[in-house]
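Asker: What would the 3D arrangement of this be:
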Amino acid sequence: MIRNRLLATAALLSAFTTPALAQEQKVYINPFIGYQYFDDNRNLSETDTYGVGLEYRFLPRWAVEGVWNRGDADRKHAPGSSDFQDYRLDGLYYFADPDENLNPYVATGAGHTDFDSLGGGIAGETRLNLGGGLRYNLTDVVSLRGDIREYYSLDEESFDTLASVGMSFGFGFDSKEEPAPRDSDNDGVADTADRCPGTPPGATVDASGCEPDADSDGVVDSQDQCPNTPAGARVDSRGCELDSDNDGVVDRMDQCPNTTAGAEVDEKGCEGVMEEVQTFTLKVQFPTNSAVIDDRYDDDLRQVANFLEEHPETVVEVGGHSDNTGKASYNESLSQRRAEAVADRLVKTLGVDPERVSARGYGESDPVASNDTAAGRAENRRVEAKIQIER
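Answerer: Numbers count the residues shown, from 1 in each chain. So this is what the prediction gives:
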């Protein structure tokens with residue numbers, strides 16, 4: 001009956017520890033040999049024993065173990081000997097984790113022991129035990145184990161001692177949790193999904209593991225000294241637009257590349273600095289996606305022509321501007337065509353000298369109002385005539 005109780009207790013402990021399977025576990029088979037010391041009132045001599053334990057380490061520092069051992073002790077004051085068998089269930093607490101070489105532990109438990117009686121029958125008794133030991137890991141599988149226990153018999157009120165040494169053979173159950181994916185540069189994006197390995201420590205990255213580049217110029221934001229460059233613009237390593245002749249006008253807007261080093265240039269990158277003396281904002285409305293102009297705007301254009309006639313030393317630049325709706329490259333092209341249409345009418349209809357008229361499309365690059373509102377976008381869709389004089 002006592003054996004049945006022990007088995008039931010073992011089953012209960014096993015059920016109780018099942019939720020711990022998310023962590024690494026280990027099962028040991030522990031064969032051992034020992035030396036048993038008996039209380040003087042037992043009339044039994046010290047003797048060697050042998051046995052085996054089955055240990056389940058359900059948490060890194062906690063284990064349960066079922067143990068069987070037996071021996072044959074000579075009687076002290078009478079001829080003959082007494083066989084005995086011991087069955088016990090113990091709980092163990094380790095002071096180190098399974099992967100450390102030295103694993104000291106303490107243990108306590110209870111069990112049932114059968115002794116051959118002097119009358120030839122079998123006498124059974126319940127014994128409690130308390131003790132500890134040391135496990136030394138030779139490999140992940142094989143370890144050495146030393147153990148000492150003090151027993152107390154509830155039936156005989158006697159104390160017995162068992163010292164044992166043995167080997168253990170461990171079998172590990174790996175964690176059910178998937179190992180964390182490798183992230184070599186510690187940017188929070190696994191190597192398998194990281195399109196930009198080796199990002200600097202602490203850098204902000206997107207879902208692909210790359211540093212953000214808000215203006216898509218090929219220079220990441222953390223190194224971009226000229227954010228918000230226009231789409232498609234050629235930039236240097238700092239993220240700034242190229243200025244090949246170092247005249248202060250970027251290549252994209254430089255109409256006179258390769259100017260002489262140190263020469264003063266106008267906003268178009270051309271030598272001969274122009275001073276603006278008058279600007280006319282022309283209320284020219286073009287049909288959508290159109291650069292066609294008719295005579296409805298000739299009165300406004302005539303003001304420009306009259307000013308040029310009164311000031312023969314001046315020239316005019318007709319500038320077309322747009323809002324930021326659509327692609328920047330298309331807006332620049334459309335604004336150029338519209339500026340050319342207005343300039344062409346000044347020349348062909350109003351008789352202005354073509355040498356004094358130029359046209360330029362600025363696209364969305366020079367807004368005068370916010371593009372976040374409809375009213376602001378309307379203000380930005382404009383044509384300006386800038387009257388200039390060369391200094």
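
Asker: got any ranges where the stretch 151-300 of the chain has weak pLDDT?
Answerer: For the stretch 151-300 of the chain, applying pLDDT under 70 flags the ranges 173-178, 271-276, 288.

Asker: mind listing the strands for the stretch 51-200 of the chain?
Answerer: Secondary structure of the stretch 51-200 of the chain by DSSP state E, counting those that start in this stretch: the strands cover 62-74, 81-94, 102-116, 122-137, 142-153, 159-173.

Asker: List the strands paired with the shortest one, with their directions.
Answerer: Applying DSSP bridges to the sheet, strand 142-153 is found paired with strand 122-137 (antiparallel), strand 159-173 (antiparallel).

Asker: How far away from the center of its chain is the first one?
Answerer: What it means is strand 122-137. If you compare the mean C-alpha spot of strand 122-137 with that of the full chain, they lie 50 Å apart, counting by C-alpha atoms, centre = their mean, to the nearest Å.

Asker: what does stretch 47-55 give?
Answerer: Per C-alpha atoms, centre = their mean, the centroid offset for stretch 47-55 relative to its chain is 51 Å.

Asker: now do stretch 154-168
Answerer: Counting by C-alpha atoms, centre = their mean, stretch 154-168 is centred 54 Å from the centre of its parent chain.

Asker: which residues are contacting that stretch?
Answerer: 28-39, 41-42, 49, 51, 55, 69, 125-128, 135, 142-153 (C-beta atoms under 8 Å, 6 or more residues apart in numbering). The C-beta positions use only the backbone N, C-alpha and C, and glycine is treated the same way.

Asker: quick revisit: list just the one of the strands paired with strand 142-153 that sits closest to Arg195.
Answerer: strand 159-173 (36.8 Å; C-beta to C-beta).

Asker: Go through the closest one and flag the buried ones.
Answerer: Under the neighbour-count criterion of 16 or more other C-beta atoms under 10 Å, strand 159-173 has Phe159, Asp160, Thr161, Leu162, Ser164, Gly166, Ser168, Gly170 buried.

Asker: Using TSV, lay out the residues you listed together with distance to Asp183.
Answerer: Shown next, in TSV, are these (distance: C-beta to C-beta, whole Å):
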residue	distance to Asp183
Phe159	58
Asp160	57
Thr161	55
Leu162	51
Ser164	48
Gly166	44
Ser168	37
Gly170	31
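
Asker: count of neighbours near the nearest residue to Asn137 once chain neighbours are set aside?
Answerer: With sequence-adjacent residues excluded and distances taken as C-beta to C-beta, 6 or more residues apart in numbering, Asn137 is closest to Ser143, at 4.5 Å. For Ser143, the tally of surrounding residues (other C-beta atoms under 10 Å) stands at 21.

Asker: Identify the residues contacting Ser143.
Answerer: Ser143 makes contact with Tyr28, Asn103, Arg135, Tyr136, Asn137, Met167, Ser168, Gly170, according to C-beta under 8 Å, 6+ apart.

Asker: give me that answer again for 7 Å
Answerer: By C-beta atoms under 7 Å, 6 or more residues apart in numbering, the residues touching Ser143 are Arg135, Tyr136, Asn137, Ser168, Gly170.

Asker: May I have the beta-bridge partners of the second one?
Answerer: Beta-bridge partners for Tyr136, by DSSP bridges, are Leu102, Leu144.

Asker: Tyr105 is in contact with that one, correct?
Answerer: No: counting by C-beta atoms under 7 Å, no contact exists between Tyr136 and Tyr105, whose distance comes to 11.8 Å.

Asker: picking up where we left off before, please convert the strands paired with strand 142-153 to JSON lines, extending it with distance to Asp366.
Answerer: Conversion of the strands paired with strand 142-153 to JSON lines gives the following (distance: least, C-beta to C-beta, whole Å):
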{"stretch": "strand 122-137", "distance to Asp366": "75"}
{"stretch": "strand 159-173", "distance to Asp366": "70"}
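
Asker: what is the nearest residue to Arg61 once chain neighbours are set aside paired to in the beta sheet?
Answerer: Closest residue to Arg61 apart from its sequence neighbours, by C-beta to C-beta, 6+ apart: Tyr94 at 4.7 Å. Using DSSP bridges, the bridge partners assigned to Tyr94 are Tyr105.

Asker: how far away is Tyr94 from Gly170?
Answerer: Counting by C-beta to C-beta, to the nearest Å, the separation of Tyr94 from Gly170 is 13 Å.

Asker: what's the answer for Asp194, then?
Answerer: Where Gly170 is concerned, Asp194 sits at a distance of 37 Å (C-beta to C-beta).

Asker: what's the answer for Arg57, then?
Answerer: Noted for Arg57: a distance of 8 Å to Gly170, by C-beta to C-beta.

Asker: tell me, what's touching the two both at once?
Answerer: Residues touching both Arg57 and Gly170 (C-beta under 7 Å, 6+ apart) are Lys26, Tyr28.
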